[in-house]
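Colleague: Task: produce atomic coordinates for the following.
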Amino acid sequence: MENKVLSILDTRTKTGYEMPLYNGTVRAMDLRQIKTGPDDFGVMTYDPAFLNTASCQSAITFIDGDKGILRYRGYPIEQLAEKCTFLEVAYLILFGELPNASQLAEWVDNITHHRMLHETTKKFLEGFRYDSHPMGMFISTVAALSTVYPESRHVHDPELRKLEISRLIGKVPTIAAYTYRHGLGYPYVYPNDELSYTENFLNMLWKMVEPKYRANPVLARALDILFILHADHEQNCSTNVMRAVGSSQADPFVATAAAAAALSGPLHGGANEEVLKMLDEIGSKDRVAAYVDRVKAGHGKLMGFGHRVYKNYDPRAQIIKWAADRVFEVTGRNPKLEIALELERIALEDEYFIKRKLYPNVDFYSGIIYQAVGFKPEMFTVLFAIPRTVGWLAQWQEMLEDPEQKIARPRQIYIGHGQRDVIPIEQRGMEVSPSTK
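Modeller: Residues are numbered from 1 along each chain as shown. Below you'll find the model as predicted:
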């Protein structure tokens with residue numbers, strides 16, 4: 001088979017170059033050979049926000065945004081959400097294959113064994129103000145685990161990596177539940193080894209004085225599905241941070257905390273909270289059309305629609321919409337759902353949104369479900385971080401095992417002053433500098 005190449009003519013020097021194509025891409029370092037002379041650094045690419053740059057090779061998640069396809073390790077997200085538990089999918093994402101019965105039993109037992117937090121970590125949580133944001137508490141506590149498990153710094157030891165991965169996946173629901181109860185002033189609830197991953201999480205959240213708390217199986221399964229949908233999503237902002245921090249060989253606890261910090265931003269993990277604010281602003285179903293007209297006129301945004309990657313209906317949104325119906329059979333119908341359904345109907349029929357490929361994304365319905373289950377909006381991003389920890393760790397491990405990866409260090413285009421000489425302070429004018437205006 002003939003190798004595919006890209007021919008480039010440098011019009012500055014009239015020199016031609018042959019660039020080999022690798023999986024449809026040009027290696028950026030190959031561009032460095034394009035120079036005007038021996039002192040020329042060579043051509044770089046300029047790509048703000050990485051809109052068209054592949055920073056790694058990955059075998060974990062495949063997305064075709066134009067066709068609305070999402071697969072973990074080759075399996076369609078629809079099949080995984082229907083037929084698997086979250087811990088099955090976590091095993092798949094981390095180790096490449098779905099587990100058999102004995103592998104799953106060992107994996108579940110391993111995660112269950114690592115649910116507890118060290119008592120000193122509990123005291124660390126108690127040091128936060130009563131009104132601290134749960135995400136700030138989550139990020140800080142995950143990072144603090146680095147001091148509890150100092151051996152985690154040995155990131156090139158495969159067995160230690162596996163241990164720290166199990167610890168993180170086991171402990172993040174416990175941390176999340178404790179941040180929630182801390183804000184309410186409730187005592188912390190220890191993990192229950194008899195319960196599944198999501199049942200135990202709900203138990204640590206909601207248990208009060210009853211001898212045993214039994215989560216509604218419909219709500220537990222809905223949460224399991226939401227965790228599956230959020231487990232990984234290719235090279236998004238927080239995953240990029242996980243890989244960048246991990247590339248310095250930082251331990252997985254501080255790297256995960258850094259990724260969670262990226263997730264905490266409203267443009268990433270906080271988007272479903274923005275959807276609820278929008279639905280509150282609309283107020284009622286009969287005001288949806290007027291709100292859509294305002295958006296089309298350039299006044300405001302349609303939150304929960306559109307995606308950097310998906311230019312079709314986000315496949316996760318369809319699954320969440322199905323899960324929402326099951327949840328509302330238990331909790332009662334959320335009034336916001338009627339507004340959301342009407343908003344979706346109008347937007348999907350309107351040429352303005354169709355032309356711009358603005359379809360509902362995963363955030364559009366997830367916040368409504370979380371609120372119906374009983375979560376306040378400030379917990380939404382923490383709920384996102386629990387399953388995404390799996391994806392972050394899988395990407396981190398893949399990065400460490402990739403011989404092409406080095407410490408992340410993007411280039412820049414310098415646009416500041418050329419060389420200047422320092423003037424003694426007594427000779428400087430009294431002009432106001434830009435930084436003090």
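
Colleague: what residues are up against residue 33?
Modeller: For residue 33, the contact set (C-beta atoms under 8 Å, 6 or more residues apart in numbering) comprises 17, 42. The C-beta positions use only the backbone N, C-alpha and C, and glycine is treated the same way.

Colleague: Listing request: residues of the stretch 151-300 of the chain with sub-threshold pLDDT.
Modeller: By pLDDT under 70, the stretch 151-300 of the chain has no low-scoring segment.

Colleague: mind listing the strands for it?
Modeller: Taking DSSP state E, counting those that start in this stretch, the stretch 151-300 of the chain contains no strands at all.

Colleague: Residue 50: neighbouring residues, count only.
Modeller: If you count neighbours by other C-beta atoms under 10 Å, residue 50 ends up with 13.

Colleague: what's near enough to touch the nearest residue to it once chain neighbours are set aside?
Modeller: The shortest distance from residue 50 to any non-neighbouring residue, by C-beta to C-beta, 6 or more residues apart in numbering, is to residue 240 (7.2 Å). Neighbouring residues of residue 240 by C-beta under 8 Å, 6+ apart: 50, 55, 262.

Colleague: how near is the second one to residue 66?
Modeller: Using C-beta to C-beta, to the nearest Å, one obtains 21 Å as the distance from residue 55 to residue 66.

Colleague: neighbour count winner among the two?
Modeller: Neighbour count, other C-beta under 10 Å: between residue 55 and residue 66, residue 55 has more, with 16 against 11.

Colleague: Report the secondary structure state of the more buried one.
Modeller: Under DSSP: H, G, I helix; E, B strand; the rest coil, the three-state class of residue 55 is coil.

Colleague: Tell me, how many residues neighbour the residue lying closest to it once chain neighbours are set aside?
Modeller: Once flanking residues are discounted, residue 55 sits nearest to residue 235: 6.6 Å by C-beta to C-beta, 6+ apart. Residue 235 has 20 neighbouring residues, counting by other C-beta under 10 Å.

Colleague: can you pull the contacts of residue 235?
Modeller: Contacts of residue 235 by C-beta under 8 Å, 6+ apart are 50, 54, 55, 56, 58, 243.

Colleague: Name the residues of stretch 120-128 that are buried.
Modeller: Neighbour-count burial for stretch 120-128 flags 121, 124, 125, 128 (criterion: 16 or more other C-beta atoms under 10 Å).

Colleague: And the contacts of it?
Modeller: Contacts of stretch 120-128 (C-beta under 8 Å, 6+ apart): 136, 137, 140, 141, 144, 145, 148, 175, 178, 179, 182, 188.

Colleague: Please save the CA atoms from that stretch in CSV.
Modeller: Taking only C-alpha atoms (Å, rounded to 0.1, in the frame of the first residue of the first chain), the coordinates of stretch 120-128 have been written out as CSV:
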residue,chain,number,x,y,z
THR,A,120,-7.6,12.0,59.6
THR,A,121,-9.1,12.6,56.2
LYS,A,122,-12.5,13.0,57.9
LYS,A,123,-11.0,15.6,60.3
PHE,A,124,-9.6,17.4,57.3
LEU,A,125,-13.2,17.7,55.9
GLU,A,126,-14.4,19.0,59.2
GLY,A,127,-12.1,21.9,58.9
PHE,A,128,-14.1,23.4,56.1
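
Colleague: State the distance from residue 300 to residue 279.
Modeller: Taken as C-beta to C-beta, the span from residue 300 to residue 279 is 13 Å.

Colleague: Look at those two and report which has more neighbours.
Modeller: residue 279 (26 against 13).

Colleague: I'd guessed that one sits against residue 339; true?
Modeller: Yes: using C-beta atoms under 8 Å, residue 279 makes contact with residue 339 at a distance of 5.0 Å.

Colleague: picking up where we left off before, ramachandran coordinates for the residue nearest to residue 55?
Modeller: Geometry field for residue 235 lists phi and psi as phi -90, psi 60, criterion degrees, to the nearest 10.

Colleague: same deal with residue 58?
Modeller: Taking degrees, to the nearest 10, you get phi -140, psi 140 for the backbone angles of residue 58.

Colleague: Mind telling me what element the residue lying closest to it once chain neighbours are set aside is part of?
Modeller: Once flanking residues are discounted, residue 58 sits nearest to residue 398: 6.0 Å by C-beta to C-beta, 6+ apart. For residue 398, the enclosing helix or strand under DSSP states H and E is helix 380-400.

Colleague: In the stretch 301-437 of the chain, where is pLDDT below threshold?
Modeller: Low-confidence segments of the stretch 301-437 of the chain (pLDDT under 70): 307-308, 310-313, 430-437.

Colleague: Now with 80, please.
Modeller: Regions of the stretch 301-437 of the chain meeting the criterion pLDDT under 80 cover residues 304, 306-314, 334, 357, 359-364, 430-437.

Colleague: Show me what the helix or strand harbouring residue 135 is packed against.
Modeller: In the assignment (DSSP H and E), residue 135 maps to helix 134-148. Secondary-structure packing of helix 134-148 (3 or more C-beta pairs under 8 Å, 6 or more residues apart in numbering; DSSP states H and E): helix 119-126, helix 158-184, helix 252-263, helix 380-400.

Colleague: Just give me how far the first one sits from the chain centre.
Modeller: Right, the one you point to is helix 119-126. For helix 119-126, the separation from the chain centroid amounts to 26 Å (computed by C-alpha atoms, centre = their mean, to the nearest Å).

Colleague: Just want the angle from it to helix 134-148.
Modeller: 150 degrees (axes from the mean of the first three to the mean of the last three C-alpha atoms, to 10 degrees).

Colleague: tell me the angle of helix 119-126 relative to helix 158-184?
Modeller: Interaxial angle, helix 119-126 versus helix 158-184 (the same axes, to 10 degrees): 40 degrees.

Colleague: Can you give me the buried ones in the longest strand seen in the chain?
Modeller: Determined from DSSP state E, the single longest strand within the chain is strand 15-22. Using 16+ other C-beta under 10 Å as the test for burial, strand 15-22 gives residue 19.

Colleague: Could I have the CA atoms of that strand written out in CSV?
Modeller: Written as CSV, here are the backbone C-alpha positions of strand 15-22 (Å, rounded to 0.1, in the frame of the first residue of the first chain):
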residue,chain,number,x,y,z
THR,A,15,10.9,24.8,-1.6
GLY,A,16,8.6,21.8,-1.6
TYR,A,17,8.2,19.3,1.3
GLU,A,18,6.6,15.9,1.5
MET,A,19,4.8,15.3,4.8
PRO,A,20,3.8,11.8,5.7
LEU,A,21,0.2,11.4,6.9
TYR,A,22,-0.4,9.3,10.0
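
Colleague: And the contacts of that strand?
Modeller: Against strand 15-22 from outside (C-beta under 8 Å, 6+ apart): 3-10, 26-27, 30-31, 33-34.

Colleague: If any of the residues you listed are buried, put those into a ChimeraX selection.
Modeller: With 16+ other C-beta under 10 Å as the criterion, this ChimeraX line picks the buried residues out of those:
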select :8,30,31,34
